[in-house]
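**Student:** build me a structure from this.
(one chain, ligands or ions: 1)
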Amino acid sequence: MVSDTHAGMEPVTELTAHRMGDVGRSGSVVVGVLALQGDFAEHAVALRRVGAEVHEVRTAEHLSRVDGLIIPGGESTTIARLMIAYELREPIIERGRAGLPIWGTCAGAILLAEEIVTLDRPGLHLVPMTVERNAFGRQIDSFEADVAPGELEGGPLHAIFIRAPRIRTVADGVDVLLRLGPEQEREPVAVQYGSLMATTFHPELTEDGRLHERFVGLCAEYAARVALQPGLAAAGGSG
Ligand code: GLN
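**Tutor:** Just a heads-up that it's a prediction; the model follows:
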């Protein structure tokens, strides 16, 4: 086990472990949260609320032990710089390409994009979409909105956008989970590409656990695949 597990962390109960498939290498699904900058602590709380075990990720060694990774909101320029300084950028790219579920929220969504408008350092280029930073304009840097449930079950989802980016284009194969805005101009605010998810808002700041549940489900599926084919996680880049 990695040593930086949060103190006071709730153990995964038999019930939640069963619900999530009880398939991880440690007997439960271990979700990593990239803990270099930004609101990783809020994601950890939200993940525990839906029954996941959470590890903070600051090194490649930490990364090698998780069944999924959340890249939180914060400042994409800073996180991009720190990912390089902590020698995490290449390992994250390799594991993401090899099927590790990765979910980027806000700054994290920017970093996942193949093309980023106005980021002056390299991102991860994992999701074939174009994302523009700070694209809602100065006057409305931050706002809240009820987003139609789209691909999710249940009612509208309350979404908090903080100096949010906009997803300008998505390639074929990228599923749009949620859209914002009036009928004519409904733009993507949550997308999924295989096991990769990106949301331009902050689901970790509301009580609605639907997106965290969805992501933990992807992590459980991944952990089950790794259990059958251990080389998948160990090699990272073997595809
Ligand atoms: N504006 C920030 C950036 O470009 C993202 C904001 C956020 O993550 N809340 O990195």
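
**Student:** is the residue nearest the centre of the chain in a bridge, and if so with what?
**Tutor:** Central residue of the chain (CA atoms, centre = their mean): residue 103, 1.5 Å from the mean position. Per DSSP bridges, the residues bridged to residue 103 are residue 70, residue 197.

**Student:** can you name every helix or strand that the top helix by length along the chain contacts?
**Tutor:** The longest helix of the chain (DSSP state H) is helix 210-228. With contacts defined as 3 or more CB pairs under 8 Å, 6 or more residues apart in numbering; DSSP states H and E, helix 210-228 has these neighbours: strand 30-34, helix 40-49, strand 196-199, helix 231-235. C-beta: built from backbone N, CA, C; applies to glycine.

**Student:** I'd like the mean pLDDT over that helix, please.
**Tutor:** For helix 210-228, mean pLDDT is 96.

**Student:** so which bits of it are buried?
**Tutor:** Across helix 210-228, burial judged by 16 or more other CB atoms under 10 Å covers 210-226.

**Student:** same question, stretch 116-126
**Tutor:** 116, 119, 123-124, 126.

**Student:** please apply the same query to stretch 67-86.
**Tutor:** In stretch 67-86, counting by 16+ other CB under 10 Å, buried: 67-74, 76-77, 79-83, 86.

**Student:** tell me if that stretch is near the ligand.
**Tutor:** Yes - among the residues of stretch 67-86, 73-76 lie within reach of the ligand under CB under 6 Å from any ligand atom.

**Student:** so where's this structure shaky on pLDDT?
**Tutor:** The chain contains residues with pLDDT under 70 at 1-27, 139-140, 184, 234-239.

**Student:** near the ligand, which residues of it?
**Tutor:** Checking the chain against the ligand by CB under 6 Å from any ligand atom, the hits are 73-76, 106-107, 110, 133-134, 162-163.

**Student:** burial of residue 154, as a residue count?
**Tutor:** Residues lying near residue 154 (other CB atoms under 10 Å) number 8.

**Student:** how about the contacts made by the nearest residue to it once chain neighbours are set aside?
**Tutor:** Closest residue to residue 154 apart from its sequence neighbours, by CB to CB, 6 or more residues apart in numbering: residue 210 at 6.6 Å. By CB atoms under 8 Å, 6 or more residues apart in numbering, the residues touching residue 210 are 152-154, 157, 203.

**Student:** and residue 144, what does it touch?
**Tutor:** Residue 144 touches 158-161, counting by CB under 8 Å, 6+ apart.

**Student:** with secondary structure and neighbour count added, can I get those in CSV?
**Tutor:** As requested, these are exported to CSV (DSSP: H, G, I helix; E, B strand; the rest coil; neighbours: other CB atoms under 10 Å):
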residue, secondary structure, neighbour count
158, strand, 15
159, strand, 24
160, strand, 17
161, strand, 22
